[in-house]
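[1] have a look; sequence and predicted model below, questions after that.
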Amino acid sequence: MLCEKPVTNTSAEAEELHKLATQNGRIFTINYTYRYHPFIQKAKDLLENQKLGKVLSIRANFNVDLLPGSNFRYNRELAGGGALRDLGTHMIDIFRYLLGEITEISGYLDNVVYKADVEDFATAMVKFENGSYGNFTVSYSSKKAINALEITGHKGSLRIDSLIGMRYSSSKLTLSFEGEAQKVFRKRANKLYRLLKDVNNSFLKHTQPPINSFDGLANLLVMEELEHNASRRRTDKIL
């Protein structure tokens, strides 16, 4: 089964789904398309081969402009949440894919531009199990955002432009390593097509795709923790 993200509305539901999938040997995967872009996979390879050295931080932005009204994304009952659950789930998945599990998260959820039933803006700081840090910002309220992904390491850094929030644009990867001249690469790739092709081949061969039910559960647990912390901060501010 191929499921849309986030996999469920609550972590309790995601845990039940994960148990059912694993106990019954079901092939289950989720539409986290960014993992399939060649530049994200290149970043993963560079990190695994310690090309950047010890990673200090990762940063990502995913800002779009979506008007309230008839858009279902602003309906909590239909969407389950706002910018965090729609866009932030992609950022959390990229973070976990590249740097491993997230152990701490804090931040803010707010309605900065559009007043609605769900937040139009979310920002978070995270700490990874490996000791690295990260932060991301997502929103429904930026008409001309410059979205990018950056990873800063002790021996090198990388940046990916024109990928997040873009469908068919030519993305740019910039690599800066100690003792080497800066390198820039450009590539146009349909990440959704690549995901569907891989999923289809996995279904035909009855093998599990790289993204599984645990990823859906882990991502929801992180989002719920942020929602809990952000809500508590807003309550403290009001009082």
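    Alright, I've got the coordinates.
[2] got a pLDDT number for Leu239?
    Per-residue pLDDT puts Leu239 at 43.
[3] try Ala230
    pLDDT at Ala230 comes out at 87.
[4] you'd agree it is in a helix?
    Yes: assessed by DSSP: H, G, I helix; E, B strand; the rest coil, Ala230 belongs to a helix.
[5] gap between it and Asp110?
    Distance, Ala230 to Asp110, by C-beta to C-beta, to the nearest Å: 8 Å. Every C-beta, even on glycine, is put in place using the N, C-alpha and C of the backbone.
[6] ok, those two, which is more surrounded?
    Ala230 (21 against 16; other C-beta atoms under 10 Å).
[7] so how far is Ile94 from the more buried one?
    20 Å.
[8] related to what we said a few turns ago, need the overlap of contacts for Ala230 and Asp110.
    Residues touching both Ala230 and Asp110 (C-beta atoms under 8 Å, 6 or more residues apart in numbering): Ala122.
[9] and stretch 106-121, C-alpha only, in PDB?
    C-alpha atoms of stretch 106-121 as PDB (Å, rounded to 0.1, in the frame of the first residue of the first chain):
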ATOM      1  CA  SER A 106      10.800  22.800  20.200                       C
ATOM      2  CA  GLY A 107       9.400  25.800  18.400                       C
ATOM      3  CA  TYR A 108       6.300  27.800  17.500                       C
ATOM      4  CA  LEU A 109       3.100  27.400  15.600                       C
ATOM      5  CA  ASP A 110       1.200  30.600  14.700                       C
ATOM      6  CA  ASN A 111      -1.100  32.400  12.300                       C
ATOM      7  CA  VAL A 112       1.200  35.100  11.000                       C
ATOM      8  CA  VAL A 113      -0.700  36.200   7.900                       C
ATOM      9  CA  TYR A 114      -3.800  34.100   7.400                       C
ATOM     10  CA  LYS A 115      -6.200  33.700  10.300                       C
ATOM     11  CA  ALA A 116      -7.700  30.200  10.100                       C
ATOM     12  CA  ASP A 117      -8.500  27.100  12.100                       C
ATOM     13  CA  VAL A 118      -5.000  25.800  11.600                       C
ATOM     14  CA  GLU A 119      -1.500  27.500  11.700                       C
ATOM     15  CA  ASP A 120      -0.200  29.100   8.600                       C
ATOM     16  CA  PHE A 121       3.400  29.100  10.000                       C
END
